[in-house]
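Novice: predicted model, plus sequence, below.
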Amino acid sequence: MYVLGLESSCDETSAAIVSMDSEKREILANIVASQIETHRLYGGVVPEIASRAHVEVISRITREALETAGLALSDIGAIAVTTHPGLIGALLVGVNFAKSLAFANDIPLVSVNHIHAHVAAAYLANPTLRPPFLALVVSGGHTSLYRVHDEVTFEEIGATRDDAAGEAFDKIGRVIGMPYPGGAALDKLAYEGDPKAFKLPSPALAGDDLAFSFSGLKTAALNLINSATQKGETLSHADLAASYTDTIVRAITQKAGEALDRTGDRTLVVAGGVAANSHLRASLQRLCEARGVKLVAPPISLCGDNGAMVAAAGYFEHQAGHLSDTSLNASASDLMQGR
Ligand code: KG4
Ligand code: ZN
């Protein structure tokens, strides 16, 4: 079955086509139009600009995806679209486009949760992957642990109480003068510094909870930068990047380990934009090797927002009979009423 996946929840517009059945997970096209250069001028995503930019490209990239896959709309078995969570105006562009396309061409319409889509990237990366497994979603908006019971049933067992890991990377990146988003640049810079140079508070909350809090870490790093500036001292950005990254990676690895202990899962999936972080991937690899657990980390191209992951998640929703009609709406929050 061919599924068209549409993504417009934040600052990437994407249209993709996957070919999936009970065994097959193949990406035929995955066109991503990034708005990063536009938002860079403002140091972060400007929601109104994001919505307009989605409107400008969504038709063109959908056509491009069909052309790349060598398919016509009449070949498409389902249209999957990200409906939540995300920026409401940005989401509505994808949702309304998907609704019109589905209605005009009589194609089944499927609503997809963006977080579930990030996890679904793992099925494309590893076609033999089957639930149950533990999923760690680390992105610009989320730092959460889920028990994935089956392809469409997620149980959140841990989450951040405030900021997400990606936000924490981007914030410090911005303060030390890196272009938005700072995550990937900090990843590289961290190799040039000493991870023990600064002692920073761990975002892994103590206790039995599988909970994170990144606000204390962010404040501590900002205080270090500000006090160095006030004293006229130069603080090594490489040392800060290394210590900051090390603190985040240790905390996430610790909680992932605790979650594996709790659930007894033998597979860990890591997903979301921050799953591209090379230090985190290496640390999770060590954690999993030590426990004989299989780590599934999608290639970098499938970690950030893309339509292929939406199409993959949509395939499973379609198989589960979760179809939507033209009353489909979008929601900024993790929860959405109706489908
Ligand atoms: O999943 P994503 O593309 O969008 C959301 O759903 O939020 O994640 C974007 C986040 C940004 O915060 C970005 O800085 C971060 O992923 N990111 C990274 C790396 N590559 C992207 N963070 C750390 N290391 C990286 N290599
Ligand atoms: Zn995302």
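Specialist: Yep, that arrived. Ligands and ions are numbered 1, 2, ... in the order given.
Novice: pick out the residue closest to the middle of this protein.
Specialist: residue 272 (2.6 Å; Cα atoms, centre = their mean).
Novice: any idea how far residue 324 is from that one?
Specialist: The spacing between residue 272 and residue 324, counted by Cβ to Cβ, to the nearest Å, is 24 Å. For the C-beta atoms, the positions are set from N, CA and C on the backbone; glycine is no exception.
Novice: what about the residue nearest to the centre of the chain, distance to residue 308?
Specialist: Per Cβ to Cβ, residue 272 is found 15 Å from residue 308.
Novice: now do residue 285
Specialist: Residue 285 is 24 Å from residue 308, by Cβ to Cβ.
Novice: look at these two and report which has more neighbours.
Specialist: Neighbours per residue, other Cβ atoms under 10 Å: of residue 285 and residue 308, the larger number sits with residue 308, 31 against 15.
Novice: rewinding a little: check what pLDDT the closest residue to the residue nearest to the centre of the chain other than its chain neighbours gets.
Specialist: Of all residues not flanking residue 272 in the chain, residue 139 sits nearest, at 3.3 Å (Cβ to Cβ, 6 or more residues apart in numbering). pLDDT, residue 139: 96.
Novice: list the residues that contact residue 139.
Specialist: Listed by Cβ atoms under 8 Å, 6 or more residues apart in numbering, the contact partners of residue 139 are 115, 118, 164-166, 271-274.
Novice: for residue 104, same thing?
Specialist: Counted by Cβ under 8 Å, 6+ apart, residue 104 has zero contacts.
Novice: any idea how far it is from residue 81?
Specialist: 15 Å.
Novice: now do stretch 212-229, average pLDDT.
Specialist: For stretch 212-229, mean pLDDT rounds to 97.
Novice: ok, and what's touching that stretch?
Specialist: Stretch 212-229 has contacts (Cβ under 8 Å, 6+ apart) with 143, 158-165, 167-168, 171-172, 175-176, 198, 200-205, 234-235, 240, 244, 247-248, 251-252, 255.
Novice: can you rerun that using 7 Å?
Specialist: Residues outside stretch 212-229 that contact it (Cβ atoms under 7 Å, 6 or more residues apart in numbering) are 143, 160-163, 165, 168, 171-172, 175, 198, 200-201, 203-205, 234-235, 240, 244, 247, 251, 255.
Novice: quick one: the helix or strand of the chain at the bottom of the mean pLDDT ranking to chain centroid distance?
Specialist: Across the helices and strands of the chain, mean pLDDT, DSSP states H and E gives its lowest value to helix 36-40, namely a mean of 94. The chain centre lies 18 Å from the centre of helix 36-40; the measure is Cα atoms, centre = their mean, to the nearest Å.
Novice: check for me that residue 145 belongs to a strand.
Specialist: Yes. According to DSSP: H, G, I helix; E, B strand; the rest coil, residue 145 belongs to a strand.
Novice: distance check, the residue nearest to it when sequence neighbours are not counted against ligand 1.
Specialist: Ranked by Cβ to Cβ, 6+ apart and with sequence neighbours excluded, the top spatial neighbour of residue 145 is residue 158, at 3.7 Å. Going from residue 158 to ligand 1 by Cβ to the nearest ligand atom, to the nearest Å gives 18 Å.
Novice: and residue 102, how far from ligand 1?
Specialist: Between residue 102 and ligand 1 the computed distance is 24 Å (Cβ to the nearest ligand atom).
Novice: buried residues in the helix or strand where that residue lies?
Specialist: Secondary structure assigned from DSSP states H and E places residue 102 in helix 88-105. By neighbour count on 16 or more other Cβ atoms under 10 Å, the buried set for helix 88-105 is 88-99, 101-102.
Novice: in a markdown table, list those residues along with distance to residue 218.
Specialist: Converted to a markdown table, those look like this (distance: Cβ to Cβ, whole Å):
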| residue | distance to residue 218 |
| --- | --- |
| 88 | 25 |
| 89 | 27 |
| 90 | 25 |
| 91 | 27 |
| 92 | 31 |
| 93 | 31 |
| 94 | 31 |
| 95 | 32 |
| 96 | 36 |
| 97 | 36 |
| 98 | 36 |
| 99 | 39 |
| 101 | 41 |
| 102 | 42 |
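Novice: quickly name whichever of those residues is closest to residue 30.
Specialist: Set against residue 30, the nearest of the buried residues of helix 88-105 by Cβ to Cβ is residue 94 (15.2 Å).
Novice: what's the closest non-adjacent residue to the closest one?
Specialist: Residue nearest to residue 94 in three dimensions, not counting chain neighbours: residue 8, with 3.4 Å by Cβ to Cβ, 6+ apart.
Novice: might one say that that neighbour is in contact with residue 92?
Specialist: No. Contact criterion Cβ atoms under 7 Å: residue 8 and residue 92 do not qualify, at 8.5 Å.
Novice: and the residue of the stretch 101-250 of the chain closest to ligand 2?
Specialist: Per Cβ to the ion, residue 139 is where the stretch 101-250 of the chain lies closest to ligand 2, at 4.5 Å.
Novice: ligand 1 contacts on the stretch 1-150 of the chain?
Specialist: In this structure, the stretch 1-150 of the chain approaches ligand 1 at residues 10, 139-141, judged by Cβ under 6 Å from any ligand atom.
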